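A.B. asks: Here is a sequence with its predicted model. Questions after.
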Amino acid sequence: MSNLERIFNAYKKELVILETIKTGPVSDIFLCKYKEKKAVIRIDKTWSVQMKFDRSTEVEIINKLQPIKFTPKILHHDVEKKILIWEYIEGKEVFLKSENKKNLLELLGKTIKKLHITEVPKNTKNIFLNSIEFYKKNLLKYSNNKFLDRGFSIFDRLSDNSNEYVLSHNDLNKSNIILNQNLYFLDWEYAGPNDPYFDLASISMSLELNDDDINYLWKGYSGNKSLLDREKLQNWSIFSIFLDYMWRLTVADLSKITNKELQIRALENKLANFL
């Protein structure tokens, strides 16, 4: 019996699956009704336990952010069963159009800033750093991989200023953001302390922002009260591509998903520009 079947059987009195939202390498996400409330359920695949996710810390951080109201409310979670259920938020994925680009990017910058000025919960584990260290340990067998060597080298150099770390999402991309009247951030599995430029770099890469777009984002983030360090943003942007490579290679190594399915060769071709 698959993990999906076990969950559906265990929660058949409370849970009604309406449709599949996403089937990913690590988890499946469904639109559902949970205790008559419209909700979303994430069910981790059985093999994902090898990825060493810290689901307890993820839940702790989401609950910490509830008063700021840019995360959906958690309705139920069970770490052992590998599930998380949160309230459904009406909205749409962020798309930048010429008529709304400036205002939307400024709102995005302000929302990221709200996150970054939130106090990191006490005794919170650094999931992001732990993930990098896990990738490094798990991928030791690829000792002559120039892409991994370069990626880990960039991270070691950029992560030297841990005293500047703030509470960060660490996986900001357009598929993890819902636009309602406000912005809601989803998928907090890597959230924790990090350099503030990583979130800015990640979303800049995902939305393919140009220099003018980045200026709008920075205006919302900083209120134009400080200068944007473009070199630092660029370096973190480059690292985000290497991080994607580390993640894909780890998933391919631990699961039954092939390099071809994960498009690893295409990503290597892209990374060759940064060696």
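C.D. replies: Good, I have the coordinates.

A.B. asks: Domain map for this structure?
C.D. replies: The chain resolves into domains spanning 3-87, 92-274 when parsed by automatic domain parsing.

A.B. asks: could I get the ones you listed as TSV with mean neighbour count?
C.D. replies: In short, each C-beta sits where N, CA and C put it, glycine included. Formatted as TSV, these follow (neighbours: other C-beta atoms under 10 Å):
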stretch	mean neighbour count
domain 3-87	16
domain 92-274	17
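
A.B. asks: need the ones you listed in CSV with mean pLDDT, can you?
C.D. replies: Formatted as CSV, these follow (pLDDT from 0 to 100):
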stretch, mean pLDDT
domain 3-87, 92
domain 92-274, 94
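
A.B. asks: how about the helices in the stretch 51-200 of the chain?
C.D. replies: Here the stretch 51-200 of the chain has its helices, by DSSP state H, counting those that start in this stretch, at 55-64, 101-116, 127-138, 146-158, 196-206.

A.B. asks: Go through these and name the closest to Asp28.
C.D. replies: Each of the helices of the stretch 51-200 of the chain has some distance to Asp28 by C-beta to C-beta; the shortest is helix 55-64, at 15.2 Å.

A.B. asks: name the helices or strands packed onto the closest one?
C.D. replies: Under the contact criterion of 3 or more C-beta pairs under 8 Å, 6 or more residues apart in numbering; DSSP states H and E, helix 55-64 touches strand 74-78, strand 83-87.

A.B. asks: okay, the angle between it and strand 74-78?
C.D. replies: In terms of direction (axes from the mean of the first three to the mean of the last three C-alpha atoms, to 10 degrees), helix 55-64 departs from strand 74-78 by 170 degrees.

A.B. asks: Helix 55-64: how far from the chain's middle?
C.D. replies: 14 Å (C-alpha atoms, centre = their mean, to the nearest Å).

A.B. asks: May I have that helix as CSV, with CA atoms only?
C.D. replies: Only the C-alpha atoms of helix 55-64 are listed here, as CSV (Å, rounded to 0.1, in the frame of the first residue of the first chain):
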residue,chain,number,x,y,z
ARG,A,55,8.8,19.1,9.3
SER,A,56,8.5,20.1,13.0
THR,A,57,10.6,23.2,12.5
GLU,A,58,8.6,24.0,9.3
VAL,A,59,5.4,24.0,11.3
GLU,A,60,6.9,26.0,14.1
ILE,A,61,8.0,28.7,11.7
ILE,A,62,4.6,28.8,9.9
ASN,A,63,2.8,29.2,13.2
LYS,A,64,5.2,31.9,14.3
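
A.B. asks: which residues sit against it?
C.D. replies: 44, 71, 74, 77, 79, 82, 84, 86, 118, 121, 124-125, 127, 167, 188-189, 191-192 (C-beta atoms under 8 Å, 6 or more residues apart in numbering).

A.B. asks: sorry, back to before: I'd like the helices of the stretch 51-200 of the chain as a markdown table, with distance to Ile17 appended.
C.D. replies: Shown next, in a markdown table, are those (distance: least, C-beta to C-beta, whole Å):
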| stretch | distance to Ile17 |
| --- | --- |
| helix 55-64 | 21 |
| helix 101-116 | 30 |
| helix 127-138 | 28 |
| helix 146-158 | 38 |
| helix 196-206 | 28 |
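
A.B. asks: so which of the ones you listed comes closest to Asn176?
C.D. replies: helix 196-206 (8.6 Å).
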